[in-house]
Each structure stands twice: as structure tokens, then as C-alpha cells.
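Engineer: generate a structure from the sequence data that follows.
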Amino acid sequence: MDNHLKLRFANEKDVPLILELIKELAEYEGLLQEVVATEEILTEWLFAKKKAEVLIGECGRQPVGYALFFHNFSTFLGRAGIYLEDLYVRPEYRGRGYGKAFFRKLAQITVERGCGRLEWWCLDWNQPSIDFYLSLGAEPMEEWTVYRLTGDTLAELAK
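Structural biologist: Numbering: from 1, shown residues only. Predicted structure coming up:
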């Protein structure tokens, strides 16, 4: 079997795989019950509306993980950045440097596009990921708290 990781941009044919990987990540995070995405929704938002991009990692013909990202904007920098929504490497492929390869590719995309930063969130309990991010030189954002409006609360405010 080929152990060389190949990273490629996803296409519409990858939607079932993307949804499968999203559900695997959600299960790992204990949040599977929150996944409401469907193949139709992903097709619309990833490929028709082009609101996010996905990198698929493969060894041989085996999918080993994915990274889903999109552009955000920093008014202080006056330029776009890249926000990494998901990075997931299947458990049996961890420890082979694939996570670092995904980050290297994301950093290349960030620099090539002239973006000012690459950022993401991490669950507080996920110490293996935190240690990994710190090993890359990433810095936690102190004094920042994430706020969110969803569901009925969002709909009520929109009235």
C-alpha cells in the first residue's frame, strides 16, 4: 500500500465522503447528535454557493482525512484570512505526520492567496490537538471568548 499522503481539493463526487468524515469528527468530539448536514446541503453550500473549500487527504486510494476552510476578513490587517473549520485525520492514520501535512498545505494556500492569517478553534478538553497546535508554533488567543446565535434565538433576533 502507498503510504504517501496526497492532498487534493474536493469535488462534488466527494460529498458522501465529506459527510462521512464530518460525522466521524463529530462522533470523536461527542457531538454527533448536532450534525444536521446532508449531502444536499453540503453540495449546495460547498459547490453551488462556493462558501467553503475542502481538502481531502488520501494514501493510495484510501481517504485518511479532510480539512474544511473558508475565508474570513480582518479589518485590522485589511485583508482576508483563512478560517479552518475542521481538520480530521482518521484514528488509524494519526501519528504519521498527516496533520502537519494538512497544516503545511493550508499555510501554503494562505500565503499564496495573500491572506494575513490562518486560524481555528479547538475544544478545551482536546489536549492532544492543543499539544499538536502548540508544536506547530500556533498561539492560543487569550482574552477572547466565542459567542454564537443559532436556532430559535437567531430567528427571534432576525424578526
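
Engineer: make it CA atoms for all contacts and neighbour counts henceforth
Structural biologist: Noted.

Engineer: hmm, Tyr98 is touching Leu7, no?
Structural biologist: No - under the criterion of CA atoms under 8 Å, Tyr98 makes no contact with Leu7, lying 9.7 Å away.

Engineer: could you list every residue that touches the closest residue to Leu55 other than its chain neighbours?
Structural biologist: In space, and not counting its chain neighbours, Leu55 is closest to Phe9: 4.5 Å by CA to CA, 6 or more residues apart in numbering. If a contact means CA atoms under 8 Å, 6 or more residues apart in numbering, then Phe9 has 53-56 as its contacts.

Engineer: repeat that for 10 Å
Structural biologist: 53-57, 66-68 (CA atoms under 10 Å, 6 or more residues apart in numbering).

Engineer: closest one of the residues you listed to Leu136?
Structural biologist: Nearest to Leu136 out of those is Ala67 (CA to CA; 16.5 Å).

Engineer: related to what we said a few turns ago, among the contacts of Phe9, which one lies nearest to Leu149?
Structural biologist: Using CA to CA, Leu68 is the member of the contacts of Phe9 that lies nearest Leu149, at 21.4 Å.

Engineer: sounds good, over and out.
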